[in-house]
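In: Make a model of this:
(one chain, ligands or ions: 1)
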Amino acid sequence: MRRKLIAGNWKMNGLSRDGLALAEALAGKLEEARLAGTPPSCDLLICPPFVLLPILRSTASDAEIAMGGQDCHAAESGAHTGDTSAAMLADVGCSFVLVGHSERRQDHGERSKDVAAKASTALSAGLTPVICVGETREERDAGRALDVIESQVRDSLPSAGGSGEVVLAYEPVWAIGTGLTATSADVAEVHGAIRKVLADLRGDATAQATRILYGGSVKPANAAELLGTADVDGALVGGASLKAEDFWAIATACP
Ligand SMILES: O=C[C@H](O)COP(=O)(O)O
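Out: Down below sits the predicted model:
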């Protein structure tokens, strides 16, 4: 049984006071729910901007909210101005890191082989990489969505020698921040295809144990349907993760 994971990607939003207020509001909701004997049935993860991680560390860890970075470098350390290593993320309390988000692929020219290298370094640092994949509108309209996603999964997974949990996140690029979402049928088809690739590469047991998240305009209003879709093991939430009420409503929509 895969426990659902609701992950908030705050992207490049919020100053320290905003981040702290958001984390504290979430922690408060969790505490209330635990005291009432109704804790959410999912794991919670927040991925704030790098500079907020040390500031949020104790609030997150006291509330048992996992923290993740939004990216890491593929190298362990060295002359990489402006970059952050996986070990640095672990050092400030992260247990996850997003890799290969479409905004990184678009804005920074990251290719799947770069994503695989980052995922591999993340595993070595003891982090769980959340490997993001997804097709563009043009690719879907051309009937190439499944091919594109399958090849992104194959090429973005760390080498088979790497051990440790990975999480996959399917985010159709055209659904990110647009208010558009894939239909449940499309999501089920893509998630099923991703699980098949995982089974092919890593075997059935690993494929069945691996969480595959959906991302792209997940909101309180559509969360229950998306989270109830076959092979959907959680959500990677952007805009709606910036409001504690909305993120909490998504978390509590987990079946
Ligand atoms: O990482 C999160 C995704 O890019 C989804 O963002 P969104 O929920 O604002 O569409």
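In: what about the closest residue to residue 49 other than its chain neighbours, helix or strand, and which?
Out: In space, and not counting its chain neighbours, residue 49 is closest to residue 12: 6.0 Å by Cβ to Cβ, 6 or more residues apart in numbering. Backbone N, C-alpha and C define where each C-beta goes, glycine included. Assessed by DSSP states H and E, residue 12 sits outside every helix and strand.
In: neighbours around residue 12, how many?
Out: For residue 12, the neighbour count with other Cβ atoms under 10 Å is 8.
In: I'd assumed residue 47 was in contact with it.
Out: No - the criterion here is Cβ atoms under 8 Å, and residue 12 misses it with residue 47 at 11.4 Å.
In: Can you list the neighbours in contact with stretch 76-86?
Out: Outside stretch 76-86, the residues within contact range by Cβ atoms under 8 Å, 6 or more residues apart in numbering are 50, 69, 71-73, 75, 87, 97, 118, 121-122, 124-125, 127.
In: who wins for neighbours among those?
Out: For the contacts of stretch 76-86, the largest neighbour count, defined by other Cβ under 10 Å, is 33 neighbours, found at residue 122.
In: tell me which element that one falls in.
Out: Counting by DSSP H and E, residue 122 is part of helix 112-124.
In: How far does that helix sit from its chain's centre?
Out: In terms of Cα atoms, centre = their mean, to the nearest Å, the centre of helix 112-124 is found 15 Å from the chain centre.
In: and if you look at stretch 205-214?
Out: The answer for stretch 205-214 is 13 Å, by Cα atoms, centre = their mean.
In: can you check stretch 225-241 too?
Out: Using Cα atoms, centre = their mean, the offset of stretch 225-241 from its chain centre is 10 Å.
In: try stretch 149-163
Out: Centre-to-centre, stretch 149-163 and its host chain are 16 Å apart (Cα atoms, centre = their mean).
In: Give the buried residues for that stretch.
Out: Going by neighbour count (16 or more other Cβ atoms under 10 Å), the buried part of stretch 149-163 is 149-150, 152-153, 156-158, 162.
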